[in-house]
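[1] Prediction below, plus the sequence it came from.
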Amino acid sequence: MAQIISSLAEISERYDALFVDLWGCVHNGVVALPEAVAALQAYRAKGGKVVLVTNSPRPRAGVKKQLVHFGVPDDAWDTIATSGDSARAAMFRGAVGNKVYFIGQPGEEKFFEPIGVIKDPVDIKMVPLDQATGIVCTGPRDPMADPDTMRGEFLMAKQLGLPLLCANPDIVVDRGDVREWCAGALAQLYTEMGGESLYFGKPHPPIYDLARRRLMELGVDVSDNGILAIGDGVLTDIAGAMGEDVDSLFISGGLAAEETKTQTQPDAEALEAYLLAEQSSPTFAIGHLR
């Protein structure tokens, strides 16, 4: 059973660095969450490092602009690791060939801009599906549409043997009070249909490797027992922490607010039942980051 705590400060002195999810923890897709911001500012004021580890398909610079838009101040974090950057690095190394069929929303084409950490990158071209060597998916074209609407395209892609690079393994996300589908839902469907999906965000190792590299860029070398991962997704944030063998703080008031009966804090019995059903074992739990 996860230990329910009332504030990050109760446990934060045990850790040198935090790997913090963004959506549902630091902001709600519309505005910053003031208590979460204050908790991270207080942690940093005592010398801790905060790495924002997000399954956003955006490059790090794009996420930084988004944080400004949502009102998350610069002094609440130190650096950013995005699934988009992790996936872009793999793409430019040739993970899905050089002719790609793109699935995403207008404006997300920046995913295809060069990334400095890759020397001699593959020359990527966007092409129609029947000419592609692989698929790059940053998210649904319509985040409100049922993923099953992609079944026809995915059937053709499977027959062509195309791998799908998923830049955001999240299945859903809450934008304010509205739940939207993410790229992970499409990759899940493609896999269920027999296609090959390649993942680069939480809970998969590449994004944690990137997060550790971001810490090293700050001149900080932190052992695994000095890292606390924070997030509201048991299938992404908590599963990833378990896979990396680092402690975790589950934010029950995000995606699982209803299941855990969370208002200010989770109901202990509901939380235990939910985690048991999901076969998830976070170290700690709290209603909202504060």
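    Great, that's in hand.
[2] Correct me if wrong: Arg58 contacts Ser86.
    No. Using Cβ atoms under 8 Å, Arg58 is not in contact with Ser86; the gap is 11.8 Å. Any C-beta I mention is one placed from the backbone N, CA and C, and that applies to glycine too.
[3] ok, Val173 to Thr283 distance?
    Val173 is 24 Å from Thr283, where distance means Cβ to Cβ, to the nearest Å.
[4] whoops, Lys125 was the one
    Distance from Lys125 to Thr283, by Cβ to Cβ: 45 Å.
[5] between these two, who's got more neighbours?
    Thr283 (18 against 13; other Cβ atoms under 10 Å).
[6] So which residues of the stretch 101-250 of the chain form strands?
    For the stretch 101-250 of the chain, the strands defined by DSSP state E, counting those that start in this stretch occupy 125-126, 134-137, 163-166, 172-175, 178-181, 196-199, 227-231, 247-251.
[7] got the buried residues for stretch 217-237?
    Residues of stretch 217-237 classed as buried: 220, 222, 226-237 (neighbour count, 16 or more other Cβ atoms under 10 Å).
[8] Would you work out how far apart the start and end of that stretch are?
    The straight-line separation of the ends of stretch 217-237 (Cα to Cα, to the nearest Å) is 23 Å.
[9] quick one: average pLDDT of it?
    For stretch 217-237, mean pLDDT rounds to 95.
[10] Could you number the chain from 391 rather than 1 from now on?
    Sure, I'll start counting at 391 from here, so that last one is stretch 607-627.
[11] Can you get me the centre-to-centre distance for that stretch and its chain?
    Between the centre of stretch 607-627 and the centre of its chain there are 12 Å (Cα atoms, centre = their mean, to the nearest Å).
[12] Let me know the pLDDT of Val507.
    68.
[13] now Ser476
    Per-residue pLDDT puts Ser476 at 88.
[14] which SS state does it fall under?
    Three-state call for Ser476 (DSSP: H, G, I helix; E, B strand; the rest coil): helix.
[15] so what's it up against?
    By Cβ atoms under 8 Å, 6 or more residues apart in numbering, the contact set of Ser476 is Phe590, Gly591, Pro596, Ile597, Asp599, Leu600.
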